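prediction below, plus the sequence it came from.
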Amino acid sequence: MKNKPTTNYQLLSTNWRQRRPGLTLIELLIAFSIIGLVSILVAAVYFAHSRLFSTQNTSIDVASQNRLALDEMVNQIREGQAVVATCALCPPDSTSDNTVVILQIWPIDSSGELFQPAGSDYDFIIYKRDASDNTKLVKKIIPGAGSFRQAIEKIIATDISDLTFNYDDDANPSSTSQVMINLTTSANSGGKTITSSQTSKAVLRNK
């Protein structure tokens with residue numbers, strides 16, 4: 001039996017399969033090295049950007065919280081009638097000094113309007129750091145007899161690292177006409193401590 005002649009197409013197909021190019025082990029190692037290097041660079045950029053973004057957010061949050069708490073205290077002091085050393089309704093551990101301020105304010109009636117009490121039935125507001133967690137700033141409202149003001153105790157700021165009140169006469173805060181407030185808030189971000197310190201002065205309304 002005669003063999004069939006080999007066609008040019010069959011020769012080309014066989015030669016192509018025999019000479020088909022491929023990647024050597026060295027080429028594969030180089031490719032994987034390049035991919036690994038690019039991955040490391042991308043990851044480094046991503047984490048650096050994340051740390052920067054987190055630090056910026058923390059800085060904004062710390063400064064904003066500090067400003068809001070300071071404004072709250074300043075505005076309330078300006079509405080106060082006086083700073084008192086203590087009050088009959090105040091907790092026994094609350095006395096106006098360089099870490100605590102007790103404000104005497106007018107009570108409010110059922111319509112929400114301020115009125116001057118006939119006797120000593122004023123309302124009181126206390127600002128101080130929380131005894132169980134001194135990183136928190138607490139506002140406590142103590143209504144007097146006949147007042148429709150709601151008694152509350154709430155946290156108005158966290159991450160407090162320092163709070164001081166200074167008076168005209170630190171030995172007798174009750175005679176002061178103004179209060180100087182120094183407030184510092186701090187928070188950690190990416191191993192760094194972000195701090196915001198601000199000072200503001202508030203003059204009592206009737207001084």
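In hand now; what should we look at?

now residue 202: which helix or strand?
Using DSSP states H and E, residue 202 sits in strand 192-203.

who are the packing partners of that strand?
Here strand 192-203 touches helix 25-79, strand 178-189, going by 3 or more Cβ pairs under 8 Å, 6 or more residues apart in numbering; DSSP states H and E. C-beta coordinates here come from the backbone N, C-alpha and C atoms, glycine included.

could I get those in a markdown table, plus columns for distance to residue 205, mean pLDDT and mean neighbour count?
Shown next, in a markdown table, are the helices and strands packed on strand 192-203 (distance: least, Cβ to Cβ, whole Å; pLDDT from 0 to 100; neighbours: other Cβ atoms under 10 Å):
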| stretch | distance to residue 205 | mean pLDDT | mean neighbour count |
| --- | --- | --- | --- |
| helix 25-79 | 6 | 85 | 13 |
| strand 178-189 | 11 | 92 | 18 |
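
rewinding a little: dump the strand holding residue 202 to CSV, restricted to CA.
The C-alpha atoms that make up strand 192-203 are tabulated as CSV, following Å, rounded to 0.1, in the frame of the first residue of the first chain:
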residue,chain,number,x,y,z
LYS,A,192,-0.1,60.0,67.1
THR,A,193,-1.9,62.1,69.8
ILE,A,194,-4.0,64.8,68.3
THR,A,195,-4.6,67.7,70.7
SER,A,196,-6.7,70.8,70.6
SER,A,197,-6.5,73.5,73.3
GLN,A,198,-8.7,76.6,73.4
THR,A,199,-9.4,79.4,75.9
SER,A,200,-12.4,81.6,76.1
LYS,A,201,-13.7,84.3,78.5
ALA,A,202,-17.4,84.6,79.5
VAL,A,203,-18.8,87.6,81.4
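
note down every partner strand of that strand and its orientation.
Note on strand 192-203: by DSSP bridges, its sheet partners are strand 178-189 (antiparallel).

what angle do helix 25-79 and the partner strand make with each other?
Our comparison of strand 178-189 with helix 25-79, counting by axes from the mean of the first three to the mean of the last three Cα atoms, to 10 degrees, yields an angle of 170 degrees.

okay, now residue 89: neighbour count?
15 (other Cβ atoms under 10 Å).

give me the element it is part of.
Applying DSSP H and E, one finds residue 89 in no helix or strand.

show me the contacts for the closest residue to residue 121 other than its chain neighbours.
Among residues not flanking residue 121 along the chain, residue 144 sits closest, at 3.9 Å (Cβ to Cβ, 6 or more residues apart in numbering). For residue 144, the contact set (Cβ atoms under 8 Å, 6 or more residues apart in numbering) comprises 89, 107, 117, 120, 121, 122, 123, 124.
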